[in-house]
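Q: curious how this folds, go ahead:
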Amino acid sequence: MTAATHPAARSATEGLTRLVTYLAGNASVAIDPYEEELTTQEAADLLGVSRTYFVRLIEDKRMVPYETVGLHGKHRRVRLRDVLASGTAAAWKRSKADGKSSSSLGRDRSTEYSRAIGSRDHLI
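A: Model prediction:
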């Protein structure tokens, strides 16, 4: 297997191609580790919902696993991968409107993330 046919090489090439395309279009780009921990505010902003609504969903419906941190364990942290796996911002808004879980909806993390944060910003 050559470097050109190795899955990791193809993935890196695709990612770098997208990065160059976004930068050439003068777009903002964010590169975040898949295991990045987010505050509930950051996750809510990513999904386009209020922090209060996001917290209620993760506590009541267990849509995204979370950990408590801090001196009194009152602060919640969620992993970027779990937030992205839970669905797109549109899915969260639909779940707000109709009470349905969005966990079964789209799973492509880069597409979900770039849609969630807007057309000018992208995750590579």
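Q: list the buried residues of the lengthiest helix in the chain.
A: Using DSSP state H to assign secondary structure, the helix with the most residues in the chain is helix 7-24. Under the neighbour-count criterion of 16 or more other CB atoms under 10 Å, helix 7-24 has 18, 22 buried. (Glycine included, C-beta is placed from N, CA and C.)
Q: now do it, average pLDDT.
A: Summarised as a single mean, pLDDT over helix 7-24 is 86.
Q: other SSEs contacting it?
A: strand 28-30 (3 or more CB pairs under 8 Å, 6 or more residues apart in numbering; DSSP states H and E).
Q: partners of the next helix-or-strand element following the strand it packs on in the sheet?
A: Toward the C-terminal end, the helix or strand that comes next after strand 28-30 (DSSP states H and E) is strand 37-39. Its sheet considered, strand 37-39 pairs with strand 75-79 (antiparallel) by DSSP bridges.
Q: what residues does the strand it pairs with touch?
A: Defining contact as CB atoms under 8 Å, 6 or more residues apart in numbering, one finds that strand 75-79 is touched by 35-40, 43, 55, 58, 64-69.
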